[in-house]
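Engineer: with the input below, show me the fold.
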Amino acid sequence: MVIVGLALSFVLVGILVGIGFLLSVRKHVSTELVRKIIHIGVSNWWFILIGFFDSLATALIGPVLFIFANSIAVMSGFANRLGISDRQRNLGLVYFPVSLLLLVLLGYTGVIPLWASGIGVMTMGYGDGLAAIVGKKWGRRPIGKRKTLLGTGALLFITCLVVVGFSLGYRLPGTWSSSWWIAMGVVALFAAVLEAYTPFGFDNITVPVGSALVSYVALGGL
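Structural biologist: Next up is the predicted model:
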């Protein structure tokens, strides 16, 4: 199972790099879109994790692989070939797998349940990724550091969907109760505030880790 998981991890990296190259040669595709597609793609590794890795030692291989590969791409300038030339913002490509590493450690050592770690990963991957795309395309009213009100609203909505999906998938107690609705709102609002006001690209760490911890506190006690 571990060998299959490792193979799928490498395939995922290859697919994301390939998509990045294909998009970067198209002049009408922005570098931000390329970055966020890679960003969203990396979050899907979580499904490989829960399906094929059952120990901490093997589960850490994926995040370490992503950190190593993304660091080389950014520091060597290889990311420029993908049309991504903003080095400071590209560091977000490194921060996200660092957060994956932290969430794997928290989940596989029992500090928080894996469902809470998963909420953090998907909130960052799909929530932040799609929020940035929506905000750049249609957002007009600024909020926080280089964010828009519309993008923040998109993150709120997507985080709620993530909480619904994990609550149903893991059959969390209290799902659909009045307390659950409040907890979902707390998680979504907390993630949105972190995403809007965390500076220097560190939201790629604060949003997933913060969302995971708040999910555990808010939803785990229902």
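Engineer: any idea which helix or strand comes after the lengthiest helix in the chain?
Structural biologist: Across the chain, the longest stretch assigned as helix under DSSP state H is helix 2-24. The first helix or strand that comes after helix 2-24 along the chain, using DSSP states H and E, is helix 31-43.
Engineer: now tell me what touches the helix or strand just after that following helix from outside.
Structural biologist: Moving toward the C-terminus from helix 31-43, the first helix or strand encountered (DSSP H and E) is helix 45-52. Contacts to helix 45-52, defined as C-beta atoms under 8 Å, 6 or more residues apart in numbering, come from residues 1-2, 4-5, 8-9, 12, 59, 62, 66, 100, 104, 114, 118, 121-122, 125. (Glycine included, C-beta is placed from N, CA and C.)
Engineer: same question for helix 45-52, mean pLDDT?
Structural biologist: Helix 45-52 carries an average pLDDT of 93.
Engineer: following the one helix or strand in the chain whose mean pLDDT sits lowest, which helix or strand shows up next?
Structural biologist: Ranking every helix and strand in the chain by mean pLDDT, DSSP states H and E puts helix 87-90 at the bottom, with a mean of 58. Where DSSP H and E defines the elements, the next helix or strand beyond helix 87-90 is helix 92-108.
Engineer: relative orientation of that next one and helix 45-52 in degrees?
Structural biologist: Taking axes from the mean of the first three to the mean of the last three C-alpha atoms, to 10 degrees, one finds helix 92-108 and helix 45-52 inclined to each other by 30 degrees.
Engineer: next, the buried residues of helix 92-108.
Structural biologist: 92-104, 106-108 (16 or more other C-beta atoms under 10 Å).
Engineer: got the buried residues for the longest helix of the chain?
Structural biologist: 5-6, 8-9, 12-13, 16-17, 20, 23-24.
Engineer: ok, now stretch 191-201?
Structural biologist: So for stretch 191-201, counting by 16+ other C-beta under 10 Å, buried means 191-196, 198, 201.
Engineer: let's see which of these end up in helices.
Structural biologist: Mapping the buried residues of stretch 191-201 onto helices (DSSP H) picks out 191-196.
Engineer: so for stretch 59-70, what gets flagged as buried?
Structural biologist: For stretch 59-70, burial by neighbour count (16+ other C-beta under 10 Å) applies to 59-63, 65-67, 69-70.
Engineer: one more: stretch 182-191?
Structural biologist: 183-184, 186-191.
Engineer: which residues sit against that stretch?
Structural biologist: Here stretch 182-191 makes contact (C-beta under 8 Å, 6+ apart) with 119, 123, 127, 155-157, 159-160, 163-164, 167, 207, 210-211, 214-215, 218-219, 222.
Engineer: for this protein, which spans come out with low pLDDT?
Structural biologist: Applying pLDDT under 70 to the chain picks out residues 27, 76-92, 144-145.
Engineer: hmm, back to that, closest one of the buried residues of helix 2-24 to residue 135?
Structural biologist: residue 23 (18.9 Å; C-beta to C-beta).
Engineer: so that closest one touches residue 29, yeah?
Structural biologist: Yes - Residue 23 is within contact range of residue 29, at 4.7 Å (criterion: C-beta atoms under 8 Å).
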